[in-house]
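S.K.: model the structure of this input:
(chains A and B)
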Amino acid sequence: MIKDDISSLISKALAELGFEAKDLPAFSVEHPDELSHGDYSTNVALILARKIKQNPVEFAKSLADKIDQLKSKDISKIEVAGPGFINFYLTDKFFESQTKEIIKKGKKFGQNKILKGQKTIVEYTDPNPFKEFHIGHLMSNSIGEATSRIIEAFGSKIIRVSYGGDVGLHVAKSIYTVLKRKDEVASIKKLSSSQQLSFWAKSYVDGSTAYETIPEAKIEIDNLNRTIFEGADKEINKLYAWGRKVSIEHFQEIFKRLDTKFKRNFWESEVITDALKAVNEGLERGILEKSEGALIFKGENHNLHTRVFVNSKGVPTYEAKELGLGVKKSKLYNFDKSVIITGNEQNDYFKVLLVVLGLLRPQVKDKTIHIGHGMLRFTSGKMSSRKGNVITGISLLEQVKENILEKMKEREMSDKDKAEVAEIVTVGAVRYSILKQAPGGDIIFDFDKSISFEGDSGPYLQYSCVRAMSILVKAKEEKVKANFQKVNSDISNLEKIIYRFPEIVERAGKEYAPHYLALYLTQLASEFSTFYAQGKIVDKTDSTSPYKVALTSAFLTVMQNGLNLLGIKVPKRM
RNA sequence: GCCUUCGUAGCUUAAUGGAUAAAGCAGAGCUCUUCUAAGGCUUUGAUGUAGGUUCGAUUCCUACCGAGGGCACCA
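M.R.: Numbering: from 1, shown residues only, chains lettered A, B, ... in the order given. Purely as a prediction, here's the structure:
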């Protein structure tokens, strides 16, 4: 890599100036923020001059001279700037070779072998049966899917899993309401799975209200909870089976639209055995202890707070079940890394859990990482599925799609094609709006502003691809063939950032931060749009046209690869 | 009360301790006889407050102010 070449060039020059490698402080070789500052920049002179008490700019100049004498074939210019930075400018030949490399590698450009041969299990989305699939789940899905695809580009095998709560009080609350509305059931069952699930979700809201406001209802629901758990009542079993089935059907529909293929769905009901086993082991080994009839972990000894793993009725809580899930995952898949993606409201809870897992199964804990993403919230406050003030995933997708179809009204396309394109653009718009910002932060959700089609947006990136494709079609028609020989030096800034794609992928993966990729692609699309607007790319009479066509082709490759990593598809037209 | 995340332009967001703090939206003004104007170009505008560490702080430390999340039997 060119970056390593520059680093060793600097070290070599420093050696000739009498600095031994072991004396060198850590220094950076990075892309400057602005293209006008060169392609790479180092702060080594700044740091070193301070150490040996010399003027930074003077020292930088002598170092730059030394580097210049050593010469590298890829560097066209070296200069000292600002407080003592040394800036490197790369040659046209270098950019030509990169453009060529991108087209040669095609779909593989951007991939690396850092995790080759490894197995990574990624858990995300995690919708609960009997409750709505809301926009928070879209957020988890978008971040999880992008993370999975990026890790995949590192050469690791990915096992995608989702985990849902199919047992517990929320189910009892739902069934409590449905039992009171038995006469509606027959007609509800004729509706779509998403409408059926909405019926259940609404039942859950009503059940929750009853649980909190009517004492008799609370008793009834608690009893119902036990009945469901024991599976003794045929009618209730039937309702439970129905609710679970429509939930899963609806989730599958959404996963399909989101192009997410889970290898397995874990359910709370299936991890209870492992949970109880792990908890008992914890008790025997003195990791967990009894207190007020419950089984708890004293977090205060670890600078955390106390958590209940099994309640005083002997029922394992979420904590124990998650522990069981961790054990089960490692038994089923002998993974090298386990990534769990949830809302950041669970950050503290996962800290406790990982400490317990570390005491119980240190080898599993070392491979497990929890990533808490921000929440989607309204300007007015938090969404709560318990209160029913949620925007469902499906309604968001449909509303966005409607807006896109409205925008496409004038396009000459069959209705079928329009619908297909609109679907791709919809998912792209939603995904991008989530992935453009750092994963830990909340998204303040404003319907009109959050899902945008203009400026920094998914459609903007997709649109740049569509334009590039139509240029390449025209180039073919006019028989302008791509060529990697630049005729004119000043073609476009595009070539100065396009070769950076693999570095960006690497950073996004290492830091579990897909937004670096989203932001980079936006910058890339913006440079392409400028390039596009500057003048004709395909022009038989223009001697620079063949290289421009090559650059367009390289751009399309990188943009498609990048969008694919974000889980965003590219339509042929839009 | 304790723990934790955060506070950047009118709004929504960027910025491994580095150069003139970067974008989009909104506002003002241009721009389609071209390969799709879901575009391009120009322009107005910001680091909560007070200290500290550093050659250099949006970034690290302390206090304060403000917001979110968590803190015993929900998930």
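S.K.: the stretch 401-550 of chain A: helices as residue ranges?
M.R.: Ranges of helices within the stretch 401-550 of chain A are A:415-435, A:447-450, A:458-477, A:494-498, A:501-510, A:515-534, A:545-565, based on DSSP state H, counting those that start in this stretch.
S.K.: wait, doesn't residue A:338 sit right on residue A:328?
M.R.: No - between residue A:338 and residue A:328 there is no contact under CB atoms under 8 Å: 11.2 Å. C-beta here means a position set from N, CA and C on the backbone, and glycine is covered the same way.
S.K.: more neighbours: those two, which one.
M.R.: residue A:338 (22 against 18; other CB atoms under 10 Å).
S.K.: residue contacts, that one?
M.R.: A:120-123, A:326, A:329-330, A:364, A:367-369 (CB atoms under 8 Å, 6 or more residues apart in numbering).
S.K.: count of neighbours near the residue in the stretch 301-450 of chain A that RNA strand B sits nearest to?
M.R.: Going by CB to the nearest atom of the strand, RNA strand B is nearest to residue A:311 of the stretch 301-450 of chain A, at 2.0 Å. Close neighbours of residue A:311, defined as other CB under 10 Å, add up to 15.
S.K.: can you tell me, leaving aside adjacent residues, what's nearest to it?
M.R.: Distances taken as CB to CB, 6 or more residues apart in numbering place residue A:294 nearest to residue A:311, at 5.4 Å, with adjacent residues excluded.
S.K.: the one you found: neighbouring residues, count only.
M.R.: Neighbours of residue A:294 (other CB under 10 Å): 17.
S.K.: that one bridge partners, please.
M.R.: residue A:291 (DSSP bridges).
S.K.: wait, what's in contact with it?
M.R.: Counted by CB under 8 Å, 6+ apart, residue A:294 has contacts A:308-312.
S.K.: could you redo the last one with a cut-off of 6 Å?
M.R.: Residue A:294 is in contact with A:308, A:311-312, counting by CB atoms under 6 Å, 6 or more residues apart in numbering.
S.K.: about what we covered before: just send the contacts of residue A:338 back as CSV, with secondary structure and pLDDT too.
M.R.: Listed next are those as CSV, based on DSSP: H, G, I helix; E, B strand; the rest coil; pLDDT from 0 to 100:
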residue, secondary structure, pLDDT
A:120, strand, 98
A:121, strand, 98
A:122, strand, 98
A:123, strand, 98
A:326, helix, 96
A:329, helix, 97
A:330, helix, 95
A:364, helix, 95
A:367, coil, 96
A:368, strand, 96
A:369, strand, 96
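S.K.: filter those residues to the buried ones?
M.R.: A:120-123, A:326, A:329-330, A:364, A:367-368 (16 or more other CB atoms under 10 Å).
S.K.: got those residues as a markdown table, with distance to residue A:567 columns?
M.R.: As requested, the buried ones among the contacts of residue A:338 are arranged in a markdown table below (distance: CB to CB, whole Å):
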| residue | distance to residue A:567 |
| --- | --- |
| A:120 | 16 |
| A:121 | 18 |
| A:122 | 13 |
| A:123 | 16 |
| A:326 | 26 |
| A:329 | 23 |
| A:330 | 27 |
| A:364 | 28 |
| A:367 | 25 |
| A:368 | 23 |
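S.K.: on that earlier part again, against residue A:336, how distant is the residue nearest to residue A:311?
M.R.: Plainly put, residue A:294 is 35 Å away from residue A:336 if you go by CB to CB, to the nearest Å.
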